[in-house]
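Asker: this one's sequence-less:
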Ligand SMILES: [Zn+2]
Ligand SMILES: [Zn+2]
């Protein structure tokens with residue numbers, strides 16, 4: 001807390017007070033519940049055969065909530081990189097809300113603060129927060145801060161400053177109001193599908209794999225964009241910040257891992273700028289555009305002129 005409190009705080013970043021404790025409490029629940037469930041799953045599956053239905057649900061809900069975060073929360077709500085019908089916007093918002101990563105309004109406020117102050121002290125979650133000392137633990141401390149630690153620090157992002165448009169958007173307001181019901185749905189849906197298809201034992205395995213383990217896995221994959229995605233990888237599109245293109249991250253995040261491209265042109269609906277860069281989220285947007293379900297797709301690409 002003292003490290004962050006020592007900086008002059010820009011408008012819209014609140015230090016301490018009830019907001020910080022509320023943030024810590026909510027994040028402890030959203031992170032703690034999948035973690036406890038995953039630890040129990042490790043114990044449970046040592047003595048029980050894995051149901052195929054539960055495994056399929058792990059993959060299926062991972063894709064749905066991952067695409068909800070990437071296309072819904074990130075490219076649509078945060079960067080407005082395309083426009084779509086209210087029903088599709090609502091569905092993408094619900095899919096993102098299944099990821100146990102906080103309500104759309106808070107997620108977008110934190111994300112926009114990251115873009116406004118990328119890798120500078122007021123950044124929400126930079127792995128370059130603390131001075132890099134000779135000792136190796138200072139890099140580990142920075143990575144921890146960018147990956148998980150920031151969710152428990154003393155600063156909160158004021159949506160009235162960073163996301164006022166969402167506070168006026170009836171769909172975002174609805175998603176925010178019903179956030180905890182949607183969070184419960186994130187685990188009840190795999191349970192319900194498992195019960196209907198295979199009975200109570202399969203339902204239990206489905207809530208473990210399709211609920212707890214899936215949300216815990218997606219947590220670390222998305223958080224890795226903040227930690228690894230600003231530490232390891234190439235910088236072919238911009239050198240203005242420490243963001244990186246990382247193909248492993250891109251594979252698990254459906255294209256969000258081409259993070260250096262994204263920082264070079266945040267409003268672009270597509271993160272793949274070169275032939276070998278696979279951007280599944282971008283391909284889905286392209287398909288939706290062909291089906292006339294999305295329009296005004298932003299294709300802006302900028303290659304920084306300062307590059308060697
Ligand atoms: Zn970034
Ligand atoms: Zn972004």
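Answerer: Done, it's in. Computed from a predicted structure; not experimentally measured. Ligands and ions are numbered 1, 2, ... in the order given.

Asker: where in the stretch 201-308 of the chain is pLDDT low?
Answerer: 302-308 (pLDDT under 70).

Asker: tell me where it has helices.
Answerer: Assigned by DSSP state H, counting those that start in this stretch, the helices in the stretch 201-308 of the chain fall at 214-227, 247-253, 259-264, 280-290.

Asker: mind listing what residue 245 touches?
Answerer: Residue 245 makes contact with 233, 234, 235, 236, 237, 257, 258, 259, 260, 261, 277, according to CB atoms under 8 Å, 6 or more residues apart in numbering. For the C-beta atoms, the positions are set from N, CA and C on the backbone; glycine is no exception.

Asker: how about 10 Å then?
Answerer: 229, 233-237, 257-264, 271, 273-274, 277 (CB atoms under 10 Å, 6 or more residues apart in numbering).

Asker: what does residue 90 give?
Answerer: Residue 90 neighbours (CB under 10 Å, 6+ apart): 72, 84, 170, 171, 172, 174, 175.

Asker: wait, which of those residues is closest to residue 65?
Answerer: residue 72 (9.5 Å; CB to CB).

Asker: grab the nearest non-local neighbour of the closest one.
Answerer: residue 92 (3.1 Å; CB to CB, 6 or more residues apart in numbering).

Asker: how about that neighbour, secondary structure?
Answerer: helix (DSSP: H, G, I helix; E, B strand; the rest coil).

Asker: right, and it touches residue 99 too?
Answerer: No. Contact criterion CB atoms under 10 Å: residue 92 and residue 99 do not qualify, at 11.7 Å.

Asker: quick check: neighbours shared by those two?
Answerer: 67, 68, 69, 70, 72, 73.

Asker: which one of these is nearest to residue 15?
Answerer: residue 73 (25.2 Å).

Asker: helix or strand: which one has the residue lying closest to the closest one once chain neighbours are set aside?
Answerer: Nearest non-adjacent residue to residue 73, counting by CB to CB, 6+ apart: residue 96, 4.0 Å away. Assigned by DSSP states H and E, residue 96 falls within helix 86-97.

Asker: and the next helix or strand past that helix?
Answerer: That would be, after helix 86-97 and using DSSP H and E, helix 104-116.

Asker: so which of the contacts of residue 90 are in strands?
Answerer: residue 84 (DSSP state E).

Asker: drop anything exposed from the contacts of residue 90.
Answerer: Neighbour-count burial (16 or more other CB atoms under 10 Å) is assigned, among the contacts of residue 90, to 72, 84, 171, 172, 175.

Asker: pretty sure the third one is touching residue 104, no?
Answerer: Translated: residue 171. Yes. Between residue 171 and residue 104 there is a contact at 8.7 Å, judged by CB under 10 Å.

Asker: what do the two both touch?
Answerer: Contacts common to residue 171 and residue 104, judged by CB under 10 Å, 6+ apart, are 77, 92, 93, 94.

Asker: need the max-distance pair from those residues.
Answerer: Pairwise over the shared contacts of residue 171 and residue 104, using CB to CB, the maximum falls at 77 and 94, 11.9 Å.

Asker: who's more crowded, these two?
Answerer: residue 77 (25 against 21; other CB atoms under 10 Å).

Asker: residue contacts, that one?
Answerer: So, once contact is read as CB under 10 Å, 6+ apart, residue 77 ends up touching 71, 89, 92-93, 96, 104-105, 107-108, 111, 163, 165-166, 169, 171-172, 175.

Asker: mind listing what's buried in the helix or strand that residue 24 is a member of?
Answerer: Per DSSP H and E, residue 24 falls inside helix 17-44. Across helix 17-44, burial judged by 16+ other CB under 10 Å covers 20, 23, 26, 27, 30, 31, 33, 34, 37, 38, 41.

Asker: closest one to residue 152 out of the residues you listed, please.
Answerer: residue 27 (6.4 Å).

Asker: for the residue lying closest to the closest one once chain neighbours are set aside, give its distance to residue 91.
Answerer: Among residues not flanking residue 27 along the chain, residue 151 sits closest, at 4.2 Å (CB to CB, 6+ apart). Distance of residue 151 to residue 91, computed by CB to CB, to the nearest Å: 27 Å.

Asker: which secondary structure state is assigned to the residue nearest to residue 207 when sequence neighbours are not counted?
Answerer: Closest residue to residue 207 apart from its sequence neighbours, by CB to CB, 6+ apart: residue 191 at 4.3 Å. Put simply, residue 191 is helix when judged by three-state DSSP.

Asker: neighbours of residue 191, just the number please.
Answerer: Residue 191 has 20 nearby residues by other CB under 10 Å.

Asker: that one contacts residue 211, correct?
Answerer: Yes. Contact between residue 191 and residue 211 holds when scored by CB under 10 Å: they sit 6.9 Å apart.

Asker: alright, calling it a day.
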